[in-house]
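In: the following comprises the amino acid sequence and a computationally predicted model.
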Amino acid sequence: MASFLLRRNANLFARSLLGNKEPFRLYFQFKFQRLGRAANMVHSYSSSSGHIRNDFTDLTCPHSWYPQARKKHRRVIMHVGPTNSGKTHHALKQLESSASGVYCGPLRLLAWEIAKRLNKAQVPCDLITGQEREEVDGANHKAVTVEMADVSADYQCAVIDEIQMIGCTTRGYSFTRALLGIAADELHLCGDPAAVPLIQEILKITGDEVEVQFYERLSPLIPLNVPLGSFSNVRNGDCIVTFSRQEIYRLKKRIEKEGKHLCSVVYGSLPPETRTRQASMFNDASSEFDVLVASDAIGMGLNLNISRIIFSTTKKFDGFEVRDLTVPEIKQIAGRAGRYGSNFPEGEVTCLDEEDLPLLHSSLNSPSPILERAGLLPTFDLMYMYSRLHPRNGFYQILAHFLDNAKLSENYFIVNCEQLLKVAAVIDELPLGLHEKYLFCISPADMDDEISSQGLTQFAENYAKKGLVRLREIFTPGSLKVPKTAAALKELESIHKVLDLYVWLSFRLEESFPDRELAASQKAICSMLIEEFLERLGWQRPMARRRLPSHKMSTSLLSQHVRQYL
Ligand SMILES: Nc1ncnc2c1ncn2[C@@H]1O[C@H](COP(=O)(O)OP(=O)(O)OP(=O)(O)O)[C@@H](O)[C@H]1O
Ligand SMILES: [Mg+2]
């Protein structure tokens with residue numbers, strides 16, 4: 001079904017983005033038209049020889065990058081307050097009653113939840129993420145991940161959820177782009193009050209009209225004074241939060257060993273489809289999976305049937321160091337308990353260990369620190385114009401030059417470009433155009449994952465050599481197996497990332513990556529094999545007493561399904 005939707009919508013998407021079947025040529029024609037306009041936006045200065053020169057690294061006026069939005073006098077409504085206070089709900093009510101609109105969220109799971117809600121409310125709504133296009137007949141609404149926000153479309157209403165993510169060191173620029181660039185008559189921003197002063201400051205220059213609505217929690221969240229103590233105290237509706245994959249699987253096993261509960265799991269590197277199914281299984285009161293073990297992948301905006309959040313730790317490895325969770329992180333995660341309208345109208349929050357309770361309590365009682373600056377990334381247009389003056393520089397050098405020399409106003413910072421630079425370093429020697437390099441650099445390749453990074457390198461090399469990348473050249477369909485060890489599981493997750501990358505590239509370079517359908521079906525198999533692993537993991541009840549949820553496949557069905565693709 002998913003692959004059918006992908007196939008059906010791929011052409012539509014490519015056409016809407018690129019015009020016709022010759023994406024590259026047309027893309028560049030389109031770019032040149034836009035560059036003419038963009039060139040007017042960069043600041044000029046006189047050199048000592050008296051020539052007027054453009055300073056492409058001047059990023060002090062990012063609002064001027066979005067002429068479509070600047071033509072509008074937008075009404076901006078900020079919905080701010082604690083978690084579970086109805087901020088998103090109120091914004092969505094406006095979206096539902098508008099003739100056209102877009103919801104932009106930080107997570108695929110959230111975009112999925114909103115698309116489902118709008119379609120259920122008889123408002124046809126497309127779901128668009130980097131790797132998915134699910135179009136619904138007659139839809140004038142879209143639920144998208146914020147990176148996919150279209151700044152060339154015109155909407156009556158738009159919602160940007162979790163707007164405080166504008167300060168995120170890696171993804172902040174996508175929120176800034178959506179904030180400054182979405183051309184909507186009415187723009188709703190939902191999130192933490194800590195973002196209010198910055199947004200007001202940023203929007204002073206755009207001429208938009210900004211109003212702020214404050215919200216209170218709809219149902220209580222009670223911080224407990226006692227830790228969980230023993231795993232025998234785990235009960236229906238609990239969500240245990242931890243931050244490493246190994247810990248997630250250890251805890252799932254440990255809880256299931258008690259013999260009273262089955263656990264769904266949700267964490268970042270799990271395929272998004274698997275995450276969605278695991279969350280749905282936990283949410284479904286008729287399924288036996290009544291406990292959730294999750295990372296902070298559940299931390300934002302989601303409405304799950306959680307009665308109690310239990311932090312198994314209040315420390316997290318953030319890629320550089322093991323650090324305490326921040327106040328906003330603790331509040332966001334704790335805020336998943338006791339959602340209004342869920343099976344548990346009162347939420348509780350505690351820790352596994354007593355020593356973590358003080359940080360939990362103090363964080364829940366503290367306001368989030370006020371946001372100082374919003375993330376920014378130089379646009380491709382600016383880098384392209386700069387590259388024309390310095391034709392010998394590779395993409396890495398151009399990007400590094402921007403990072404070193406960018407001029408910013410005090411409301412902005414340049415996001416962490418480490419991943420982009422890592423990709424640029426790998427592909428810069430290949431005979432690719434600047435835009436192609438840019439595309440590979442912003443792709444969702446995880447360069448810290450060896451298999452994912454190898455996948456990206458091979459795709460880029462084959463693309464540079466032949467302009468055509470067949471999936472079978474680097475991947476043998478039929479080679480996937482149910483993982484038996486944690487290492488095999490990790491490998492399967494990495495393979496899923498490579499297939500995901502192929503699908504992502506296929507939406508942008510359609511003719512050169514023609515095997516989207518095969519990649520999507522193999523991705524689906526990866527997810528099923530991972531779920532099969534999850535099903536087998538942990539304490540096994542005697543089969544007679546165990547009921548498989550109706551939407552899960554039995555092993556034999558799974559093998560049949562896999563065979564179909566071999
Ligand atoms: N007025 C209302 N009537 C019915 N349901 C509501 C109402 N307000 C909120 N809800 C429901 O309560 C739950 C929490 O609301 P919502 O998701 O809007 O909270 P939020 O403030 O955005 O939380 P978070 O900060 O965690 O994103 C949702 O399931 C939502 O549908
Ligand atoms: Mg919300």
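Out: Thanks, I have it. Ligands and ions are numbered 1, 2, ... in the order given.
In: and the gap between the one residue in the stretch 351-500 of the chain that gets nearest to ligand 2 and Gly335?
Out: Per Cβ to the ion, Ser368 is where the stretch 351-500 of the chain lies closest to ligand 2, at 14.6 Å. C-beta: built from backbone N, CA, C; applies to glycine. Plainly put, Ser368 is 12 Å away from Gly335 if you go by Cβ to Cβ, to the nearest Å.
In: between these two, tell me which one has more neighbours.
Out: Taking neighbours as other Cβ atoms under 10 Å, Ser368 and Gly335 compare with Gly335 leading, 24 against 21.
In: tell me the mean pLDDT over stretch 431-447?
Out: Stretch 431-447 shows a mean pLDDT of 93.
In: typed the wrong thing, it's stretch 304-316
Out: Summarised as a single mean, pLDDT over stretch 304-316 is 96.
In: and that stretch, how far out from the chain middle?
Out: Relative to the centre of its chain, stretch 304-316 is centred 21 Å away, using Cα atoms, centre = their mean, to the nearest Å.
In: list the buried residues of that stretch.
Out: 304-314, 316 (16 or more other Cβ atoms under 10 Å).
In: list just the nearest of those to Met165.
Out: Nearest to Met165 among the buried residues of stretch 304-316 is Lys316, at 17.1 Å by Cβ to Cβ.
In: determine the longest helix present in this structure.
Out: helix 486-508 (DSSP state H).
In: Thr169 - how many residues pack around it?
Out: 12.
In: so it: helix, strand or coil?
Out: Following DSSP: H, G, I helix; E, B strand; the rest coil, Thr169 is assigned to coil.
In: do the same with Leu292
Out: Criterion first, three-state DSSP; result for Leu292: strand.
In: neighbours around Val322, how many?
Out: Neighbours of Val322 (other Cβ under 10 Å): 10.
In: what is it paired to in the beta sheet?
Out: Note on Val322: beta-bridge partners Phe317, judged by DSSP bridges.
In: quick check: Val498 touching Ser452?
Out: Yes: counting by Cβ atoms under 8 Å, Ser452 is a contact partner of Val498 at 5.9 Å.
In: looking at the two, which is more packed in?
Out: Val498 (26 against 22).
In: could you measure from that one over to Gln278?
Out: Distance from Val498 to Gln278, by Cβ to Cβ: 22 Å.
In: could you do Ser244 as well?
Out: 17 Å.
In: give me the more crowded residue out of those two.
Out: Gln278 (23 against 13).
In: spatially nearest residue to the more buried one (excluding sequence neighbours)?
Out: Leaving aside its chain neighbours, Gln278 sits nearest to Ser264 (4.2 Å; criterion: Cβ to Cβ, 6 or more residues apart in numbering).
In: could you check how many residues crowd around the one you found?
Out: Ser264 has 24 nearby residues by other Cβ under 10 Å.
In: what residues are bridge-paired with it?
Out: Counting by DSSP bridges, the residues bridging with Ser264 are Leu292.
In: and the stretch 1-150 of the chain, which of its residues are near ligand 2?
Out: Counting by Cβ under 5 Å from the ion, the stretch 1-150 of the chain comes close to ligand 2 at Thr88.
In: near ligand 2, which residues of the protein?
Out: Contacts of the chain with ligand 2, taken as Cβ under 5 Å from the ion, map to 88, 301.
In: okay, now the unreliable bits of the chain?
Out: Counting by pLDDT under 70, the chain has low-confidence residues at 1-53, 538-566.
In: returning to what we had before: and the furthest pair within the buried residues of stretch 304-316?
Out: Asn305 and Lys316 (24.7 Å).
In: for the residue in the stretch 351-500 of the chain that ligand 1 sits nearest to, what are phi and psi?
Out: Relative to ligand 1, the nearest point of the stretch 351-500 of the chain is Ser368 (11.5 Å; Cβ to the nearest ligand atom). Note on Ser368: its backbone torsions stand at phi -70, psi 150 [degrees, to the nearest 10].
In: in the helix or strand containing Glu517, what's buried?
Out: Assessed by DSSP states H and E, Glu517 sits inside helix 516-536. By neighbour count on 16+ other Cβ under 10 Å, the buried set for helix 516-536 is 516-535.
In: which element is Ile240 on?
Out: strand 238-241.
In: C-terminal to that strand, what's the next element?
Out: helix 245-257.
In: and that next one, what other elements does it pack with?
Out: Packed against helix 245-257 by the contact rule (3 or more Cβ pairs under 8 Å, 6 or more residues apart in numbering; DSSP states H and E) you find strand 262-266, strand 289-294, helix 486-508.
In: right, I'll leave it there.
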